[in-house]
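Trainee: Predicted model, plus sequence, below.
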Amino acid sequence: MTAGEVSRELPGDSYRIKASELNAEARLEADAQRRKELKSLAMAYLRLADQAERNAQNNVVYETPPPRSAVQQQQQQSQAQARSKDDDERQG
């Protein structure tokens, strides 16, 4: 790439390149088990490439929820303990 050029690489391109390299290595491999593993790994990289492209299309923004008050946390803990006690009594 020359100065001033902008990379046109898609999100999954690096995974596809790796998959291609693994397939090339598999074609040269004499050991059948290793060849099978390399092909399987190449397929996994192709799935990663597809997933990377799907992920790139998502515009999801995560916002941290506001902190819960101490009262809310205590209420939730009490409810969880009550459910656990009920479960223990049913099983016992």
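Mentor: Everything's here; your move.

Trainee: Can I get stretch 27-41 in CSV? Just the C-alpha atoms.
Mentor: Once side chains and other backbone atoms are set aside, the C-alpha atoms of stretch 27-41 remain, and they are given as CSV (Å, rounded to 0.1, in the frame of the first residue of the first chain):
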residue,chain,number,x,y,z
ARG,A,27,-3.0,-29.8,0.3
LEU,A,28,0.7,-30.3,1.0
GLU,A,29,0.3,-32.3,4.1
ALA,A,30,1.1,-36.0,3.8
ASP,A,31,-0.5,-37.1,7.1
ALA,A,32,-4.2,-37.7,6.5
GLN,A,33,-5.2,-36.8,10.1
ARG,A,34,-3.3,-33.6,10.1
ARG,A,35,-4.7,-32.7,6.7
LYS,A,36,-8.2,-33.2,8.0
GLU,A,37,-7.5,-31.0,11.1
LEU,A,38,-6.1,-28.3,8.9
LYS,A,39,-9.2,-28.3,6.6
SER,A,40,-11.4,-28.2,9.7
LEU,A,41,-9.5,-25.3,11.1
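
Trainee: Run through who's touching it.
Mentor: By CB atoms under 8 Å, 6 or more residues apart in numbering, the surrounding residues in contact with stretch 27-41 are L22, N23, E25, A26. Quick note: C-beta positions are derived from backbone N, CA and C, even for glycine.

Trainee: Can you classify the residue lying closest to the third one once chain neighbours are set aside by secondary structure?
Mentor: In space, E25 comes closest to L38 once its chain neighbours are excluded; the distance is 5.5 Å by CB to CB, 6 or more residues apart in numbering. Put simply, L38 is helix when judged by DSSP: H, G, I helix; E, B strand; the rest coil.

Trainee: likewise E9?
Mentor: The three-state label given to E9 by three-state DSSP is coil.

Trainee: Report pLDDT for it.
Mentor: With respect to pLDDT, E9 scores 81.

Trainee: Could you do the one 5 residues further on as well?
Mentor: At S14, the predicted lDDT confidence score is 95.

Trainee: That one: which element?
Mentor: With elements delineated by DSSP states H and E, S14 resides in helix 13-28, which encompasses its position.
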